[in-house]
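Visitor: show me the folded form of this:
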Amino acid sequence: MLKNKAVVKKVRDARLRKRIREKVKGTPERPRLHVFKSNVYLYAQVINDVAGTVLVTASTLEKALKEKDKDAKNKEAAGRLGEVLAKRLKAKSIERIVFDRGTYPYHGRIKALAEAMRKEGIQF
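Guide: Sure, this is the predicted structure:
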């Protein structure tokens, strides 16, 4: 039986995302950091799930980050994104978050983002 691989992957990711979201919830004290990784860029947003609001966003697509990096697809760009996001969180007096990596494994760009945020003093 042949199946379309893209459809199979979408169904699998939706099931994984639902299972993760049941366990990972953002509160006003500890908002949720959601990460989306495309083939080129990395997007991150901090969400308060109780109120349903986005508190802080950042991506490697931003002009300030694009000027520093020629390639937005490497670990260094993800590390700089983590530093920028951590500074924006500290400006809003947020020190602790819950990390939601989505369906992506914890390595490469996702790991570089998380480690850069930890180095800046964000706890999760």
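
Visitor: residues making contact with stretch 88-103?
Guide: For stretch 88-103, contacts defined as CB atoms under 8 Å, 6 or more residues apart in numbering pick out 12-13, 16-17, 20-21, 24-26, 29-37, 46, 55-56, 58, 110, 114, 117, 120-124. C-beta: built from backbone N, CA, C; applies to glycine.

Visitor: show me how far that stretch is from its chain's centre.
Guide: Relative to its chain's centre, stretch 88-103 lies at 9 Å (CA atoms, centre = their mean, to the nearest Å).

Visitor: that stretch: end-to-end distance?
Guide: Start-to-end span of stretch 88-103 (CA to CA, to the nearest Å) is 25 Å.

Visitor: mean confidence score for that stretch?
Guide: Stretch 88-103 carries an average pLDDT of 94.

Visitor: what comes up buried for that stretch?
Guide: Judged by neighbour count using 16 or more other CB atoms under 10 Å, the buried positions of stretch 88-103 are 89, 94, 97-101.

Visitor: looking at those, which one is closest to L81?
Guide: L89 (12.4 Å; CB to CB).

Visitor: centre of the chain to stretch 32-50, how far?
Guide: 3 Å.

Visitor: what does that stretch rub up against?
Guide: Against stretch 32-50 from outside (CB under 8 Å, 6+ apart): 24-28, 31, 53-61, 72-73, 77-78, 81, 85, 89, 94, 97-102, 104, 109-110, 113, 117, 124.

Visitor: what helix or strand is V54 on?
Guide: In the assignment (DSSP states H and E), V54 maps to strand 53-59.
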